[in-house]
Each structure stands twice: as C-alpha cells, then as structure tokens.
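Chemist: Structure, please.
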Amino acid sequence: MATRKVNKYAEIVFTCNEALQHSTELIAEEHAIVRVLSGELKVVQAHQTYVFGADETHLLPRNRPARLIKSEKDGNPYKAIVIKLTNDVLRAFYEDKNREVSLNSKTYTIIPLPKSLLLDSLFASMLPYFDLNYKLPADLSKIKIQEAITVLRSVNKDIDNILSDFSEPHKI
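Modeler: Residues are numbered from 1 along each chain as shown. All right, here's what the predicted structure looks like:
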C-alpha cells in the first residue's frame, strides 16, 4: 500500500510504497527533484535505465516519458521526497537572473545529482514538515522551493539550461 503526504501549499510530496514493487509510466508536466530515502527507484527511458538507492537525488526533467519502478531494498520500503518545480515558479525565479541557455538544452534526460551536504541539509529540513498537525505556512513552502532551486544551481552548474527552458514540446 502506498501512502502519500502532500503539503497543500507547495509541490512537495512524501511518498512511501510498502508493496514489494510498484511500477508507473508517466510524462511529467513539471520538473521534479527526487530524493530516495529508502528502497530503490529504477527509471527507464527510451535508451537509458537509471537506478537510485537511499540518499541519492536526481532531477526528472519535464515532458520526458519514463517508467518508474519503485521497490523495496534490503527490507526497507521505497520512500522518497519529491519537489515539483512548476513553470510559474521557475519563471519567477529566473525573471531577474542573467542566463545564457545552451542550444543543446533539448537533449537532456535524467540528471543524477552528486552527493552534497547542501542536498542532504535541504531534504533533512523537510522531513519534519510532513508530521505537522497543522498546515505549513505558504511562505515557508515557497522559501523551501526557492532553496531547492538555489541548491540545484550550486551542485550542477549546467542546470539552468534545463530549468530555464520554457519551450513547449511539439510533434515532429
């Protein structure tokens, strides 16, 4: 049985899958930062398969088809925190930033993020929010998402090419 705890004011989700394995196909409409807390996440795309274990983080770019296979590992169920980065939030963030977008920004796939104390700190600070008995203030959620974007930019210098690409997909 899968449980989800969602902060109603932000695009931050805690997910737990207690089944041995769960598989989903999706084309995400927004970028998502995924931190696996326990278990294992396998992401299968057309030409590549990625496997993420506990304490690993990656960026799932928007508009890219993928099959997500969530399974237990070492007796621990799959648990993760997912932060969705909507176009509105990203546009507001990049509005006053000087940026040069690379021409090959269309070729991106899953972005595994390196181990980082900044990422560890970001996700550790979010865990208590899911146990609150009251609604998290909207301003705090916005701050955490801004922090997430800033941390991403710190751990991957090329991430702006993906996050600031607001083009819409089209048929060939």
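Chemist: Helix, strand or coil: sort out the most centrally placed residue in the chain for me.
Modeler: Centrality entry for the chain: nearest residue to the mean C-alpha point is residue 33, 1.4 Å, by CA atoms, centre = their mean. Using DSSP: H, G, I helix; E, B strand; the rest coil, the secondary structure recorded for residue 33 is strand.
Chemist: residue contacts, it?
Modeler: For residue 33, the contact set (CB atoms under 8 Å, 6 or more residues apart in numbering) comprises 57-60, 82-83, 85, 113, 148, 152. C-beta: built from backbone N, CA, C; applies to glycine.
Chemist: The same query, at a cut-off of 10 Å, please.
Modeler: Residue 33 makes contacts with 12, 57-60, 81-85, 111, 113, 119, 122-123, 145, 148-149, 151-152, as judged by CB atoms under 10 Å, 6 or more residues apart in numbering.
Chemist: Among those residues, which ones are in strands?
Modeler: In strands, judged by DSSP state E, the following of those are found: 12, 57-60, 81-85, 111, 113.
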